[in-house]
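A.B. asks: Predicted coordinates and the sequence they were generated for:
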Amino acid sequence: MSKKESTSTATNDDQEDVTIEVVLEKLSSDLLKELLLGNKAKKSSGTKKKQVQAVMEVAEEKGSQHLLSSVSKDADTMKSSLLLLEDTDDLGHDNKSKMAKQFKDHFKKATPDKFFEKLNEDALDKICSCMEFQEEGDKEAKIDALCEELTIAGLRKMFETMAKSFIDEVAAHLKLSKSGSRKVVIDRILSGGYPHLKEALEEEKGSGKRKTKEEARADAPKVSDIKPGITFEDLYQYYTEQLKDYLKQNGRITGGNKKAMVKRILAFLDGDDEGTKAMSASERAKTKKKRRAPMSAATKKKKAAEKRKRAEAEKAEAGGDDEKPAKKQK
């Protein structure tokens, strides 16, 4: 779903698609002010239109921070983007922290859409993956989707800083249900301006009830389908437990977050045996460091004295005293 599609305004007899700004304008000025103050916005008063504009500015700022934080965890994504942004074939280093700073510096020099325009589709796909979504369209569609997801992430962060009672009050003001988790209620609020969120909520709700864990598991892709040639995006559709089970079954390291496990599986399927192999119990026992009890003050003093004696003995054997230059006669 691209930004253009999700923010279009069209009216028919049954429904009206509106922008998120229109949804926010339905809130009272007091609610908008509370949302802004709760997120330490510089401006919280003025006309309702100005308040909504201020909310969107804060959302973009928070969304940008979220994007930078997500991308900074993936060195490959940063490197592929920086090679394009700096028009080079070699960055000259592989330092993750340095790449994160370079990426942030480039991002801050332009608006998000202008920044994304400098990248190719492959780099955009990787950033989409870091933001945990996938866009099948062309480059323009990917840029629109990234800008949209950035704003959604920012708005979600804004609402997440507020008390549950405030979120419920906003839902009630928009005549929405307050049932469900904080995330569900927040997405329900935002879905008025972003139809794909509404579709996701409706799919989850299904025929009037949420799928059970067993039903959701039954619809998930099969672990037996994980074979050489599978893509990052396809693997990311699996449950974390499924990925962990696959790694365990194949004697691989099972730690890390979902993205780390996906990368490890891809490396294993590509032939990396040693780098992904889990240690056996005996190997772990060998490498496990024994805890040493702290030395007492007397023991420390004794060891220091022994060290001084050894130093003096070594000095005497080397004839250190004879080799000292003679003092000058006054």
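C.D. replies: Sure thing, it's come through.
A.B. asks: Can you give me the neighbour number for the nearest residue to Lys43 once chain neighbours are set aside?
C.D. replies: Once flanking residues are discounted, Lys43 sits nearest to Ala54: 4.9 Å by C-beta to C-beta, 6 or more residues apart in numbering. Just so you know, the C-beta spots here come from the backbone N, C-alpha and C atoms, and that holds for glycine as well. Here the count is done by other C-beta atoms under 10 Å, and Ala54 has 21 residues near it.
A.B. asks: Outside of the one helix or strand Ala54 maps to itself, which residues are in contact with it?
C.D. replies: Taking DSSP states H and E as the definition, Ala54 sits inside helix 48-71. Helix 48-71 has contacts (C-beta atoms under 8 Å, 6 or more residues apart in numbering) with 20-21, 24-25, 29, 32-33, 35-36, 39, 41-46, 77-78, 81, 100, 103-104, 107, 112, 127, 130-132, 146, 149-155, 157-158.
A.B. asks: Any buried residues in the next helix or strand after it, and which?
C.D. replies: Per DSSP H and E, helix 48-71 leads on to helix 75-85 as the next helix or strand towards the C-terminus. By neighbour count on 16 or more other C-beta atoms under 10 Å, the buried set for helix 75-85 is Thr77, Met78, Lys79, Ser80, Ser81, Leu82, Leu85.
A.B. asks: how much space between the last one and Asp125?
C.D. replies: It refers to Leu85. Leu85 is 16 Å from Asp125, where distance means C-beta to C-beta, to the nearest Å.
A.B. asks: for this structure, what helix or strand is lowest in average pLDDT?
C.D. replies: Least confident element among the helices and strands of the chain, by mean pLDDT, DSSP states H and E: strand 10-11 (a mean of 37).
A.B. asks: Find the residue at the geometric middle of the protein.
C.D. replies: Most central in the chain under C-alpha atoms, centre = their mean is Ser70, positioned 3.1 Å from the mean C-alpha point.
A.B. asks: What distance do you get for it to Val55?
C.D. replies: Separation of Ser70 from Val55 (C-beta to C-beta): 22 Å.
A.B. asks: same deal with Asp90?
C.D. replies: Here the distance between Asp90 and Val55 works out to 43 Å (C-beta to C-beta).
A.B. asks: how's the protein carved up into domains?
C.D. replies: Following automatic domain parsing, one gets these domains for the chain: 3-205, 215-282.
A.B. asks: Turn those into a markdown table, columns for distance to Glu317.
C.D. replies: Listed next are these as a markdown table, based on distance: least, C-beta to C-beta, whole Å:
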| stretch | distance to Glu317 |
| --- | --- |
| domain 3-205 | 47 |
| domain 215-282 | 45 |
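A.B. asks: How about the contacts made by Ser29?
C.D. replies: Lys48, Gln51.
A.B. asks: Ok, the one 4 residues further on next?
C.D. replies: Shown in contact with Lys33 (C-beta under 8 Å, 6+ apart): Ser44, Ser45, Gln51.
A.B. asks: tell me the pLDDT at the last one?
C.D. replies: The one in question is Gln51. Taken from the predicted model, the pLDDT recorded for Gln51 is 95.
A.B. asks: What strand or helix carries His196?
C.D. replies: Here His196 is covered by helix 195-205, with elements defined by DSSP H and E.
A.B. asks: Could you list every helix and strand in contact with that helix?
C.D. replies: Here helix 195-205 is seen to pack against helix 3-6, helix 182-190 when contacts are counted using 3 or more C-beta pairs under 8 Å, 6 or more residues apart in numbering; DSSP states H and E.
A.B. asks: how far does that helix sit from the chain's center?
C.D. replies: Here the centre of helix 195-205 is set off from its chain's centre by 23 Å, with C-alpha atoms, centre = their mean, to the nearest Å.
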